[in-house]
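**Q** Sequence and predicted model, in that order:
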Protein chains: 2
Amino acid sequence: MSTQAYFGTQMPKYDVFEGNAILACLKGKERTLALAGGEMVDVKLRQTIYEPEERISEAYFPLSAILSVVARMKDGGMIEIGTIGREGTSAVPLLMGSESSANESFCQVPGKAWKMPGKTFRSLVDKSQPFREFLNRYLQAYVNMLGQLAACNRLHSVYERCARWLLMTGDRVGSNEFLLTHEFLGIMLGSRRSGVTVAAAILQKAGFIHYSHGTVTILDRPGLEATTCECYAITTGQFGDLLSVRPTAKDTNGSRSAKR
Amino acid sequence: MSTQAYFGTQMPKYDVFEGNAILACLKGKERTLALAGGEMVDVKLRQTIYEPEERISEAYFPLSAILSVVARMKDGGMIEIGTIGREGTSAVPLLMGSESSANESFCQVPGKAWKMPGKTFRSLVDKSQPFREFLNRYLQAYVNMLGQLAACNRLHSVYERCARWLLMTGDRVGSNEFLLTHEFLGIMLGSRRSGVTVAAAILQKAGFIHYSHGTVTILDRPGLEATTCECYAITTGQFGDLLSVRPTAKDTNGSRSAKR
DNA sequence: GGAAATCGGTACGGAAGCGCTCCAAGCGCG
DNA sequence: CGCGCTTGGAGCGCTTCCGTACCGATTTCC
């Protein structure tokens, strides 16, 4: 709104620096560099962000899109081990000085993201201390999320994890409605689809959510929060106000209207 | 052996810079600083390394000791989410610029560790680029371990995870024998003690391990490796040659002779 | 408007593991 | 030397979830 046009006609439709928490901390020259060195992209559903053990050449900063990091197992199965929304970036491996990751990443919810070459990302990290510090804070939260997930995956039920996943995705997509099938959620949670169906049916019967053929709507967020495990609150707390970055109204609509 | 005495009579009984992979990369002035600014300690079984949300004032670099990072749950239960041996350091949160961690850490296998103030650690990170780079590499491996653990905890059986845990601990303790009860292993794996007893009994019947009242011996490492899940190989691979740091013979004995 | 694909509901046998209990053997301490 | 604690073995009912299958409902595509 108020940040309608920093750079005149070059200004993209979505406000890059309001839509993503990490980009938001860039000021002045570095902000100009990030804007000049990157571009707004529509990330499509299931689009690959990076492949395991392959060179990661770009950094994505989701605005309305959500990315997943998954571990692919020997038997072909996969399971989600990380979620990246407008609070973060896909460039965690780059941040740690690596050129690749053991895991893979793809788009879970289609939408807008700011994309920049890995080289530009690195140079921003070098040049801007606030950027570096903010990324470090994000890395901490990300690492904490990983640990909590490891615990949650072992100790909590499909039902609780299902509720947690919906909440975390809702936070990141910036909307109470998004595309999601039981089948896909089952894969992400490392559980059977039928198990998710049972859990989701209970959540729906309780009035917390509504779903129909690939679209989920969160109806009662406090209710969901009360029924999920502590892991949601702990993880969300670690991300602190990174998640409080508000998407513009356009962002929300944009993500929903994005066809696959 | 060949590095018997870098610093004359000040030289501790255990070789700090051969015993821990991270310290091993310090040379010259920084090496002197690490030696002068730290001290060799005997870490006792179950000794606290740091508490959740409390200031972490020291960095530990295990030589023969093994540290655990665990998540404590609301219901009082706990589960291991990280293991630190002579390939690493407890200072991962400090490395990310944090002063504390959401989790807690304690000693899992008693033994020697090099301890230094957090301040000294930070100043070494600032001063030595090889140190910084090596720590970054360690951080990558650590993050990867977390992700793999999250997947493993969801997808693999008590039996497989049990074998993996024994292998990973064996790697870090630098010995095929260490103290461990079924009860404790159950807590670490987030499973019942009786489940571990069954799994361990199968492993023993297969001739892979032997155990008796709190002491486990790995008899057939290749056998164990063949029976565990892929997660062991993936995680170990990421740590690369960090784990190849050889403990001195004294270290091995030291860890075993340490009474609790 | 009809065919095909996707999505969700349901069922059900069975495996894995939970939660608990009881018990025996070994070890450590007084 | 014996008591008591720790450790580990075993059993068992129960829950959760797996693995799979089938089928109806809805959407999409032609």
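**A** It's in.
**Q** before we move on, which element is A:Ala102 in?
**A** Following DSSP states H and E, there is no helix or strand that holds A:Ala102.
**Q** ugh, typo on my part, it should be A:Lys112
**A** Using DSSP H and E, A:Lys112 sits within strand A:111-117.
**Q** what's that strand packed up against?
**A** Here strand A:111-117 touches helix A:16-19, helix A:28-37, strand A:39-43, strand A:58-62, helix A:249-257, going by 3 or more CB pairs under 8 Å, 6 or more residues apart in numbering or on different chains; DSSP states H and E. For glycine as for every other residue, the C-beta is placed from the backbone atoms N, C-alpha and C.
**Q** buried residues in the very next helix or strand once past it?
**A** Sequence-wise, the next helix or strand downstream of strand A:111-117 (DSSP H and E) is helix A:118-127. Across helix A:118-127, burial judged by 16 or more other CB atoms under 10 Å in any protein chain shown covers A:118, A:120-121, A:123-125.
**Q** can you tell me if helix A:118-127 touches chain B.
**A** No: using CB under 8 Å from any CB of the partner chain, helix A:118-127 never reaches chain B; the gap is at least 12.3 Å.
**Q** Buried residues in the very next helix or strand once past that helix, which are they?
**A** Next helix or strand after helix A:118-127 toward the C-terminus (DSSP H and E): helix A:129-155. Buried residues in helix A:129-155, counted by 16+ other CB under 10 Å: A:131-132, A:134-155.
**Q** Give me the helices and strands touching helix A:129-155, please.
**A** Contacts defined by 3+ CB pairs under 8 Å, 6+ apart place helix A:129-155 against strand A:78-84, helix A:92-95, helix A:118-127, helix A:158-173, helix A:230-239, strand B:66-72, strand B:78-84, helix B:129-155.
**Q** Close to DNA strand D: what parts of chain A are there?
**A** With CB under 7 Å from any atom of the strand as the criterion, chain A comes near DNA strand D at residues A:157-159, A:190-195, A:212-213.
**Q** Redo the residues you listed as CSV? Include secondary structure.
**A** Listed next are these as CSV, based on DSSP: H, G, I helix; E, B strand; the rest coil:
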residue, secondary structure
A:Ser157, coil
A:Val158, helix
A:Tyr159, helix
A:Gly190, coil
A:Ser191, coil
A:Arg192, coil
A:Arg193, helix
A:Ser194, helix
A:Gly195, helix
A:Ser212, strand
A:His213, coil
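**Q** top of these by neighbour count?
**A** Neighbour counts for these peak at A:Gly190, which has 22 neighbours (criterion: other CB atoms under 10 Å in any protein chain shown).
**Q** mind listing what that one touches?
**A** Neighbouring residues of A:Gly190 by CB atoms under 8 Å, 6 or more residues apart in numbering or on different chains: A:77, A:79-80, A:153, B:151, B:154-155.
**Q** which two in those residues are spaced the farthest apart?
**A** A:Gly77 and A:Asn153 (13.5 Å; CB to CB).
**Q** how about the residues of chain A that lie near DNA strand C?
**A** Contact residues (CB under 7 Å from any atom of the strand) of chain A with DNA strand C: A:181-183, A:193-194, A:197-198, A:200-201, A:204, A:211-215.
**Q** Any quick ChimeraX command for the buried ones out of those residues?
**A** Restricted to buried positions by 16+ other CB under 10 Å, the ChimeraX selection for the residues of chain A next to DNA strand C reads:
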select /A:182,200,204,211
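**Q** Just the ones in strands from the residues of chain A next to DNA strand C, please.
**A** Those of the residues of chain A next to DNA strand C mapping onto strands are A:211-212, A:215, per DSSP state E.
**Q** Out of these, flag the one nearest to B:Ala163.
**A** So of those, ranked by how close each gets to B:Ala163 (CB to CB), first place is A:Tyr211, at 39.7 Å.
**Q** partners of that closest one in the sheet?
**A** Per DSSP bridges, the residues bridged to A:Tyr211 are A:Val216.
**Q** Wait, it touches A:Gln204, no?
**A** Yes: if you go by CB atoms under 8 Å, A:Tyr211 and A:Gln204 touch, sitting 6.5 Å apart.
**Q** Quick check: the residue of chain A nearest DNA strand D.
**A** A:Ser157 (3.1 Å; CB to the nearest atom of the strand).
**Q** Next one, pLDDT for that residue please.
**A** A:Ser157 is assigned a predicted lDDT (pLDDT) of 92.
**Q** pLDDT on stretch A:30-50, on average?
**A** Across stretch A:30-50, the average pLDDT comes to 90.
**Q** Can you show me the CA trace of it as PDB?
**A** Taking Å, rounded to 0.1, in the frame of the first residue of the first chain, the C-alpha atoms of stretch A:30-50 are listed here in PDB:
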ATOM      1  CA  GLU A  30      21.400  -3.500  -1.100                       C
ATOM      2  CA  ARG A  31      17.700  -3.100  -1.700                       C
ATOM      3  CA  THR A  32      18.400  -1.700  -5.100                       C
ATOM      4  CA  LEU A  33      20.800  -4.500  -5.800                       C
ATOM      5  CA  ALA A  34      18.200  -7.200  -4.900                       C
ATOM      6  CA  LEU A  35      15.700  -5.500  -7.100                       C
ATOM      7  CA  ALA A  36      18.000  -5.200 -10.000                       C
ATOM      8  CA  GLY A  37      19.500  -8.600  -9.700                       C
ATOM      9  CA  GLY A  38      16.300 -10.600  -9.300                       C
ATOM     10  CA  GLU A  39      12.900 -11.100 -10.800                       C
ATOM     11  CA  MET A  40       9.400 -11.900  -9.800                       C
ATOM     12  CA  VAL A  41       8.300 -15.300 -10.800                       C
ATOM     13  CA  ASP A  42       5.200 -17.400 -10.700                       C
ATOM     14  CA  VAL A  43       6.200 -20.700  -9.100                       C
ATOM     15  CA  LYS A  44       4.000 -23.500 -10.400                       C
ATOM     16  CA  LEU A  45       2.600 -26.400  -8.400                       C
ATOM     17  CA  ARG A  46       5.300 -29.200  -8.000                       C
ATOM     18  CA  GLN A  47       7.900 -27.100  -9.800                       C
ATOM     19  CA  THR A  48      11.400 -28.100  -8.800                       C
ATOM     20  CA  ILE A  49      13.400 -25.600  -6.800                       C
ATOM     21  CA  TYR A  50      16.500 -27.800  -6.500                       C
END
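**Q** give me phi/psi at the closest residue to A:Ile218 other than its chain neighbours?
**A** Nearest non-adjacent residue to A:Ile218, counting by CB to CB, 6 or more residues apart in numbering or on different chains: A:Asn176, 4.3 Å away. Main-chain dihedrals, A:Asn176, degrees, to the nearest 10: phi -90, psi 0.
**Q** count of neighbours near A:Asn176?
**A** Number of residues near A:Asn176 (other CB under 10 Å) recorded here: 16.
**Q** Contacts only, for it.
**A** Applying CB under 8 Å, 6+ apart to A:Asn176 gives the contacts A:170, A:217-219, A:221.
**Q** what does chain A put close to chain B?
**A** So chain A meets chain B at A:69, A:71, A:73-74, A:77, A:79, A:81-82, A:92-93, A:96-98, A:101-103, A:133, A:136-137, A:139-140, A:143-144, A:146-151, A:153-155, A:189-190, A:230, A:234, A:238 (CB under 8 Å from any CB).
**Q** Scan the helices and strands of chain A for the one with the lowest mean pLDDT.
**A** Ranked by mean pLDDT, DSSP states H and E, the weakest helix or strand in chain A is helix A:249-257, scoring a mean of 37.
**Q** Check what contacts stretch A:40-53 and list those residues.
**A** In contact with stretch A:40-53 (CB under 8 Å, 6+ apart) are residues A:12-14, A:16, A:56, A:60, A:62, A:65, A:67, A:72, A:90, A:93, A:100-115, A:179, A:258, A:260.
**Q** mind running it again at 7 Å?
**A** Contacts to stretch A:40-53, defined as CB atoms under 7 Å, 6 or more residues apart in numbering or on different chains, come from residues A:12, A:14, A:56, A:60, A:65, A:67, A:72, A:90, A:100-107, A:110-115, A:258, A:260.
**Q** do the same with stretch A:213-231
**A** So stretch A:213-231 is contacted by A:148, A:152, A:156, A:160, A:163-164, A:166-167, A:170, A:176-181, A:206-211, A:232, B:73-74 (CB under 7 Å, 6+ apart).
**Q** Please consider this matter closed, and thank you.
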